[in-house]
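> show me the folded form of this:
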Amino acid sequence: MPPIDVPVQEAPVVSDPEPMVQDVVSGPFILGPLQSGAPDIDGLGRFKNAILAHLERYRNYPKRARDRGIDGKVLLEFVIAPDGRVQRVALLTPNGSHPLLEQAALETIRRASPLPRAPERLQDYKEIVMQVSLQYELK
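As a prediction, this is how the structure comes out:
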């Protein structure tokens, strides 16, 4: 059976932590939101957790934001190649977070690249789309 040509649309912001899978391998694999402690029910929890841990090593709370008492969260969507190279990053919280935090979140992705390599079952996909919320809290 020949593959069905499915138009690719921008990934929706969803609260369901389960991955959404597109049937066509030539399209992107939409991993969905990343949340810490993702269960390994679908075999991808380990990959999700590895990406979150990797991003956390590079996340930096901007001193200017900390000094000014600015906190909040930034929702990002990014696309990686199966080898972990970041191809695109987009803010999903336009005007919903402080510009200092938005810049810090974008810098986190830049510094963390390349991300962990995708598991074998995703190696045939051209792109892997994921979303992450980076939290900046004053303590």
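
> and Leu55, what does it touch?
Listed by C-beta atoms under 8 Å, 6 or more residues apart in numbering, the contact partners of Leu55 are Thr108, Ile109, Ala112, Leu115, Val132, Leu134. C-beta coordinates here come from the backbone N, C-alpha and C atoms, glycine included.

> quick check: the second one vs Asp71, distance?
Read it as Ile109. Distance of Ile109 to Asp71, given as C-beta to C-beta, to the nearest Å: 20 Å.

> hmm, which of the contacts of Leu55 are the buried ones?
Among the contacts of Leu55, the ones that count as buried by 16 or more other C-beta atoms under 10 Å are Thr108, Ile109, Ala112, Leu115, Val132, Leu134.

> from those, which land in helices?
With helices taken from DSSP state H, the overlap with the buried ones among the contacts of Leu55 comprises Thr108, Ile109, Ala112.

> dump the residues you listed to a markdown table, plus pLDDT.
Compiled in a markdown table, those are given as follows (pLDDT from 0 to 100):
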| residue | pLDDT |
| --- | --- |
| Thr108 | 96 |
| Ile109 | 95 |
| Ala112 | 96 |
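
> okay if I get these as TSV plus distance to Arg57?
Conversion of these to TSV gives the following (distance: C-beta to C-beta, whole Å):
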residue	distance to Arg57
Thr108	9
Ile109	12
Ala112	7
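
> closest to Arg88 among these?
Distance ranking of these against Arg88, using C-beta to C-beta, places Ile109 first at 9.9 Å.

> list the contacts of that closest one.
Listed by C-beta under 8 Å, 6+ apart, the contact set of Ile109 reads Leu55, Leu76, Phe78, Val86, Val89.

> switch to 6 Å and redo it
The neighbourhood of Ile109, defined by C-beta atoms under 6 Å, 6 or more residues apart in numbering, consists of Phe78, Val86, Val89.

> how much space is there between it and Arg121?
Here the distance between Ile109 and Arg121 works out to 24 Å (C-beta to C-beta).

> ditto for Arg57
The spacing between Arg57 and Arg121, counted by C-beta to C-beta, is 25 Å.

> which of those two has more neighbours?
Taking Arg57 and Arg121 together and counting by other C-beta atoms under 10 Å, Arg121 has the greater number of neighbours (12 against 9).

> good, wrapping up.
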